[in-house]
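Enquirer: sequence and predicted model, in that order:
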Amino acid sequence: MLKHALHRTALHAENLLDRLLPRRPRSGADLVIDPYIGYATPEHLIVRGRVLTRLRRSSPRDGQGVLRNVRQMISLFLTDEAAGITVCHEDATAVSDEEGYFQLPLPPGRAPGWHDIPVAIADGGAQTACPVLIPRPDARFLVISDIDDTVMQTSAYSLVRNLWTTFSGNALTRRVFPDSAALLRQLSEDGRNPVYYVSSSPWNMHAFLARVFRQADLVRGPMFLRDLGLSETQFISAGHGSHKGQSIDLLLNAHPELPAVLIGDTGQKDASIYGAAVRRHPGRIAAVLLRVPADGLSAEDERDLAKLRETGITVFAAPSFEGAAQQLDMETAALMAAEQRPGGL
């Protein structure tokens, strides 16, 4: 009931602002593209981004105060989106939606690795390089990792703490867990296995997160974030669980030949979310690796973990990811040996 009331209030406020501050017609020369990392499917290369009137970027300085941090973070959310704008790469085109987002599908056929795809705004707009990852043909599995409190400390389990962590810090002060960075490097195997990130953070944070990841030497990979836009049928976007589940489904469909390793934490019910993914995709999830927060597991978390282990997949749950990759390798080796024995699995 409260969420419905907030939705209606926010929607009325947005509609009122649109009437008071009508948007003038824009030419391509007035607009820019905020590029997001794209990904590949068997049928297409998916180039992604958002059309805006301007990019709000600021470079933090060492030791800058909380008020400056707050101003810089708020500026990331003060976007002016451009709907109905055509973007193109060669003969391929796409049109931005009501929040400015676009997905431009391109034919497959490029070599594995990273590509910067030049995308232009039609009618004289600037050209922007949109990065896309094409996995290697020798990939053994794909890695799908949560970000919040799995890779980077955000205190996502508490709204107040999450907001304070998000807005009081900057790209230089955000803490990336060293054990997560080491785990992802091990699982990536120098780029052999593709890594993808899923977060409840909004798309406005994409460039910010990319910068934090570069500074922490995290494995680079496409992100799947959430839309904060309002519409008649949507308030903010899908919830944390449904967003993460939908992203997992999308990535498994994009790599039909590869199993997946799912990485998360128990603070936001990832054991339950990942357990549901295991049941939706029998035989596709190779392992689930979970960080347990300092305050331990709740009774509900214990039940979710028990159900997850009942599926028979490898489950690692501990306060640190140290040793997780080794456990995964040992259990995989044991399984392969059992399959090769006469009368084995």
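Expert: Sure thing, it's come through.

Enquirer: so where do the helices sit in the stretch 51-200 of the chain?
Expert: Under the criterion DSSP state H, counting those that start in this stretch, the stretch 51-200 of the chain contains helices at 66-77, 159-168, 178-188.

Enquirer: state the mean pLDDT of the last one.
Expert: Spelled out, it's helix 178-188. The pLDDT scores in helix 178-188 average 95.

Enquirer: can you name every helix or strand that it contacts?
Expert: If contacts are counted by 3 or more C-beta pairs under 8 Å, 6 or more residues apart in numbering; DSSP states H and E, helix 178-188 sits against strand 142-146, strand 195-202, strand 260-265, helix 324-340. Every C-beta, even on glycine, is put in place using the N, C-alpha and C of the backbone.

Enquirer: hmm, who's touching stretch 203-222?
Expert: Residues outside stretch 203-222 that contact it (C-beta atoms under 8 Å, 6 or more residues apart in numbering) are 34, 36-39, 50, 55, 57, 73, 76-77, 79, 101, 114, 133, 143, 147, 151-152, 171-172, 174, 176, 180-181, 184-185, 188, 194-197, 199, 201, 223, 225-228.

Enquirer: out of the residues you listed, which are buried?
Expert: Neighbour counting with 16 or more other C-beta atoms under 10 Å marks 34, 36-39, 50, 73, 76, 79, 101, 133, 143, 147, 151-152, 171, 174, 176, 180-181, 184, 188, 194-197, 199, 201, 223, 225-228 as buried within these.

Enquirer: buried sites along stretch 314-321?
Expert: By neighbour count on 16+ other C-beta under 10 Å, the buried set for stretch 314-321 is 314-317, 321.

Enquirer: how many residues are close by the residue nearest to R291 when sequence neighbours are not counted?
Expert: Excluding the flanking residues, the one nearest R291 by C-beta to C-beta, 6 or more residues apart in numbering is D265, at 4.1 Å. Using other C-beta atoms under 10 Å, D265 has 23 neighbouring residues.

Enquirer: hmm, D146 and D265 touching each other?
Expert: Yes - with contacts counted by C-beta atoms under 8 Å, D265 reaches D146, the gap being 6.5 Å.

Enquirer: from E43, how far off is the residue nearest to R291?
Expert: 33 Å (C-beta to C-beta, to the nearest Å).

Enquirer: equivalent analysis for V66, please.
Expert: As judged by C-beta to C-beta, V66 and E43 stand 47 Å apart.

Enquirer: quick check: next helix or strand after the least confident helix or strand in the chain by mean pLDDT?
Expert: The least trusted helix or strand in the chain, going by mean pLDDT, DSSP states H and E, turns out to be helix 2-20, with a mean of 43. Per DSSP states H and E, helix 2-20 leads on to strand 32-40 as the next helix or strand towards the C-terminus.

Enquirer: list of residues touching the host helix or strand of I46?
Expert: Applying DSSP H and E as the criterion places I46 in strand 45-52. If you take C-beta under 8 Å, 6+ apart as the criterion, strand 45-52 is touched by 31-40, 79-82, 85, 87, 89, 96, 99-108, 110, 115, 117, 119, 121, 128, 130, 132, 134, 203.

Enquirer: report the angle between it and strand 32-40.
Expert: Between strand 45-52 and strand 32-40, the angle comes out at 160 degrees (axes from the mean of the first three to the mean of the last three C-alpha atoms, to 10 degrees).

Enquirer: average model confidence for strand 45-52?
Expert: For strand 45-52, the mean per-residue pLDDT is 96.

Enquirer: residues touching the nearest residue to P194 once chain neighbours are set aside, list them.
Expert: Nearest residue to P194, sequence neighbours excluded (C-beta to C-beta, 6+ apart): P135, at 4.3 Å. P135 is in contact with 40, 112, 142, 193-194, 255, 258, counting by C-beta under 8 Å, 6+ apart.

Enquirer: quick one: buried ones out of the contacts of strand 45-52?
Expert: Buried positions within those, assessed by neighbour count (16+ other C-beta under 10 Å), are 31-40, 79, 81-82, 85, 87, 89, 96, 99-102, 104, 106, 115, 117, 119, 121, 128, 130, 132, 134, 203.

Enquirer: for stretch 211-230, list every residue counted as buried.
Expert: Quick answer for stretch 211-230 (16+ other C-beta under 10 Å): 211-213, 216, 218-230.

Enquirer: so which of the residues you listed are in strands?
Expert: Within these, residues falling in strands by DSSP state E are 223-226.

Enquirer: just put these in a markdown table and tack on pLDDT and distance to A271.
Expert: Formatted as a markdown table, these follow (pLDDT from 0 to 100; distance: C-beta to C-beta, whole Å):
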| residue | pLDDT | distance to A271 |
| --- | --- | --- |
| M223 | 96 | 22 |
| F224 | 96 | 20 |
| L225 | 94 | 22 |
| R226 | 90 | 21 |
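
Enquirer: so which of these is the closest to Y274?
Expert: Nearest to Y274 among these is F224, at 15.0 Å by C-beta to C-beta.

Enquirer: once you drop chain neighbours, what's closest to the closest one?
Expert: Once flanking residues are discounted, F224 sits nearest to S247: 4.1 Å by C-beta to C-beta, 6+ apart.

Enquirer: kindly export the strand or helix carrying the one you found (C-alpha atoms) in PDB.
Expert: If you go by DSSP H and E, S247 is part of helix 240-254. Extracted in PDB, the C-alpha atoms of helix 240-254 (Å, rounded to 0.1, in the frame of the first residue of the first chain):
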ATOM      1  CA  HIS A 240      16.300  -7.000  -6.100                       C
ATOM      2  CA  GLY A 241      15.400 -10.700  -6.400                       C
ATOM      3  CA  SER A 242      13.500 -10.500  -9.700                       C
ATOM      4  CA  HIS A 243      16.100  -8.200 -11.300                       C
ATOM      5  CA  LYS A 244      18.900 -10.600 -10.300                       C
ATOM      6  CA  GLY A 245      16.900 -13.700 -11.400                       C
ATOM      7  CA  GLN A 246      16.100 -12.100 -14.800                       C
ATOM      8  CA  SER A 247      19.700 -11.100 -15.400                       C
ATOM      9  CA  ILE A 248      20.800 -14.700 -14.600                       C
ATOM     10  CA  ASP A 249      18.200 -16.100 -17.000                       C
ATOM     11  CA  LEU A 250      19.400 -13.600 -19.800                       C
ATOM     12  CA  LEU A 251      23.000 -14.600 -19.400                       C
ATOM     13  CA  LEU A 252      22.400 -18.300 -19.300                       C
ATOM     14  CA  ASN A 253      20.300 -18.000 -22.500                       C
ATOM     15  CA  ALA A 254      23.200 -15.900 -24.000                       C
END
